[in-house]
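K.L.:
Got a predicted structure here, sequence first:
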Amino acid sequence: MTRYTLSSLLLIMIVGLGSCVTDPNSPGLEYMPDMYRSPAVEAYVDYGEDPYYKTEEVAKSQRNTISARKPVEGTIAQVKSGDFNMPYAYPNTDEGYAAAGANLTSPLATNQENIEAGMEIYQIMCTHCHGEKGEGDGAISRNGLIKGIPSYTGKLKDLPVGNIYHTLQYGKGLMGSHASQMTQKERWQVIEYVKVLQNGGEMPEFDANGNVLTAAASSDEAAQDQPQ
Ligand code: HEC
């Protein structure tokens, strides 16, 4: 036997013996332990925004946080969006549609923030059918795939916000429900922009605080701007 064979045998023995431990439950020395035991993802654990292994303290609190349990029936989940958690009260029937149109109003203010947020959502979620200006001439309509999309300035001009919300909730005709794609707040925001389109698509003017300038206020200002 050469010296090298001897020393490599010795090395194997040392490594082999090294993995023997007295604790019968211990698997011994593990190389790459993740290969033996993958980090298990626990059900009902909220891994939160912090990485699981950030600190023991974080990991402990996350282990004790419930994640995947369904809320008790009849209760309303308390999530950060606060006011927008209420279940939708109107059924998917003609009567429900009529009642929503008559009673449902927006919880949002008509201001720059909501109108502009609504415009962004509209451009992403609605233009391909309804068209940039809401004339019913989006790409899908022009290609003839969905015909007869109504213009917002036509028979929908005076459609109440409650009806629009109802249609976003359940869909109508060839328009599918948008309830799973948009939060309640986003639905009301896009409605703020649909209202602009119902009025011809011209964005209102805003004051420094982002409130809509009323026609009277803006014409006053225009009058002031006029040289005497
Ligand atoms: C797949 C194409 C499509 C998409 C996407 C779509 N719509 Fe529609 N929408 C339609 C069609 C078709 C109708 C006509 C439904 C009917 O009256 O039968 C309609 C009707 C409407 C109406 C009138 C509802 C009523 O009560 O009469 C509103 C308001 C509306 N859409 C808003 C939106 C908004 C806002 C979005 C984006 C979040 C959107 N739609 C996305 C196709 C679409």
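P.N.:
Everything's here; your move. Numbering: from 1, shown residues only.
K.L.:
Could you tell me how many residues sit around the residue of the chain found nearest the ligand?
P.N.:
Closest residue of the chain to the ligand, C-beta to the nearest ligand atom: Gly173 (2.2 Å). For glycine as for every other residue, the C-beta is placed from the backbone atoms N, C-alpha and C. Neighbouring residues of Gly173 were enumerated by other C-beta atoms under 10 Å; the total is 10.
K.L.:
which stretches of this structure have low pLDDT?
P.N.:
For the chain, applying pLDDT under 70 flags the ranges 1, 15-21, 34-54, 59, 61-71, 76-83, 215-228.
K.L.:
residues in it within reach of the ligand, list them.
P.N.:
Within reach of the ligand by C-beta under 6 Å from any ligand atom, the chain has these residues: 125-126, 129-130, 140, 146, 149-150, 156, 159, 163-164, 167, 172-175, 178, 190, 194.
K.L.:
and these, which of them are in helices?
P.N.:
Cross-referencing the residues of the chain next to the ligand against helices under DSSP state H gives 125, 129-130, 140, 163-164, 167, 190, 194.
K.L.:
can you give me the helices for this structure?
P.N.:
3-18, 33-36, 56-63, 94-103, 112-125, 127-130, 139-142, 161-170, 184-198, 215-225.
K.L.:
Let me know which of the ones you listed is the nearest to Phe84.
P.N.:
Distance to Phe84, taken as C-beta to C-beta, is lowest for helix 184-198 among the helices of the chain, at 4.0 Å.
K.L.:
what does the closest one contact?
P.N.:
Residues from elsewhere that reach helix 184-198 (C-beta atoms under 8 Å, 6 or more residues apart in numbering): 81, 84-85, 106-108, 110, 114-115, 117-119, 121-122, 125-126, 133-134, 152-153, 156-159, 161, 164-165, 168-169, 178-179, 182, 202-204.
K.L.:
change it to 7 Å
P.N.:
81, 84, 106-108, 110, 114-115, 117-119, 121-122, 126, 133-134, 152-153, 156-157, 161, 164-165, 168, 178, 203 (C-beta atoms under 7 Å, 6 or more residues apart in numbering).
K.L.:
Quick check on those residues: which are buried?
P.N.:
Neighbour counting with 16 or more other C-beta atoms under 10 Å marks 106, 108, 114-115, 117-119, 121-122, 126, 133-134, 152-153, 156, 161, 164-165, 168, 178 as buried within the contacts of helix 184-198.
K.L.:
one step back: most neighbours among the ones in helices among the residues of the chain next to the ligand, which one is it?
P.N.:
Sorting these by how many neighbours each has (other C-beta under 10 Å) puts Val190 first, at 27 neighbours.
K.L.:
Now do that residue against Asn209, distance only.
P.N.:
Noted for Val190: a distance of 22 Å to Asn209, by C-beta to C-beta, to the nearest Å.
K.L.:
next one: Gln189
P.N.:
Gln189 sits 18 Å away from Asn209, going by C-beta to C-beta.
K.L.:
Between those two, which is the more surrounded one?
P.N.:
Between Gln189 and Asn209, counting by other C-beta under 10 Å, Gln189 is the more crowded of the two (24 against 7).
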